[in-house]
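Colleague: Sequence first, predicted model second:
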Amino acid sequence: MVSDRSKNLYEEQAELWRSMPISASPSPWRRLGFIPSGSLQDLGFVDDSDDLLLVTLDGRELWHCPTLSRVCVDDDDRIPSWRDLVQLRSPAIGPRADSIVRLAGVHGGGLPSMAADGWSLRLVVISLGESYVVLDDPSAPGKDSETYKLIEGYTIFPFGFSYTGLSFVIGDGMGNIWVYVRETVGPVCGDY
């Protein structure tokens, strides 16, 4: 049984999230646009790069996030024998064909929720069908961090950073993968 006090606290927090406006990308981040992917199943970043592998119902696509450009497509692979749904990984394609990519999406898994310099993403779920992805900036000792509400939607998945920390993506649940990039990574958390 939930106490009246707990219910009131929950409603106060929910109202704070609802009233927070959708933010523009905070510096140094830029929202480039989105990758349309209505049949997305899973995605993942190639290690040590900002190349994003999309696994769709029709095959695989490799995208370069900093330029929001599609590098190559493998749409002849209708039977995904190359996909490992137990370990959630897939070989990449094209110039990255020698890489194995860890996946996140409808089959589970996850992308890094934090960059090495302390920027972090989190999912805030108010109720069924009311979700937000927020970006928290790294806070220096003695300073409060800032929180930016970037996306709201019914179902949000997957989302997370590239392993370089220069890109992050957010799947809005409506078939779009929103891409955010920056030029450099700040000092590693704890190196102030």
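Modeller: Looks like it arrived, so ask away.

Colleague: Spit out the contact partners of the residue positioned nearest the centre of the chain.
Modeller: The centre of the chain sits closest to F159, judged by C-alpha atoms, centre = their mean, with a distance of 2.0 Å. F159 makes contacts with 111, 113, 121, 123, 133, 168-171, as judged by C-beta atoms under 8 Å, 6 or more residues apart in numbering. C-betas here are computed from N, CA, C, even on glycine.

Colleague: Give me the subset of these that lies in strands.
Modeller: Of those, the ones assigned to strands by DSSP state E are 121, 123, 133, 168-171.

Colleague: Just the buried residues of those.
Modeller: 121, 133, 168-171 (16 or more other C-beta atoms under 10 Å).

Colleague: I'd like these written out as CSV, with pLDDT and distance to V71 added.
Modeller: CSV is the format used below for those (pLDDT from 0 to 100; distance: C-beta to C-beta, whole Å):
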residue, pLDDT, distance to V71
L121, 96, 24
V133, 95, 26
F168, 98, 19
V169, 98, 15
I170, 96, 21
G171, 93, 19
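
Colleague: Closest to W29 out of these?
Modeller: F168 (8.1 Å; C-beta to C-beta).

Colleague: still on that earlier bit, please identify which of the buried ones among the ones in strands among the contacts of F159 is nearest to V106.
Modeller: Distances from V106 to these, taken by C-beta to C-beta, are shortest for G171, at 10.0 Å.

Colleague: Might one say that the closest one is in contact with I177?
Modeller: Yes. Using C-beta atoms under 8 Å, G171 is in contact with I177, at 5.3 Å.

Colleague: Spit out the residues that contact these two alike.
Modeller: 37, 40, 43.

Colleague: ok now the host helix or strand of L53, how far from the chain's centre?
Modeller: Secondary structure assigned from DSSP states H and E places L53 in strand 51-56. Chain-centre distance of strand 51-56: 12 Å, with C-alpha atoms, centre = their mean, to the nearest Å.

Colleague: could I get it in PDB with only the CA atoms?
Modeller: This file holds the C-alpha atoms of strand 51-56, laid out as PDB (Å, rounded to 0.1, in the frame of the first residue of the first chain):
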ATOM      1  CA  ASP A  51      29.800   4.600 -36.900                       C
ATOM      2  CA  LEU A  52      26.400   3.200 -36.100                       C
ATOM      3  CA  LEU A  53      25.100  -0.200 -37.300                       C
ATOM      4  CA  LEU A  54      21.300  -0.400 -37.700                       C
ATOM      5  CA  VAL A  55      19.800  -3.900 -37.900                       C
ATOM      6  CA  THR A  56      16.400  -3.700 -39.500                       C
END
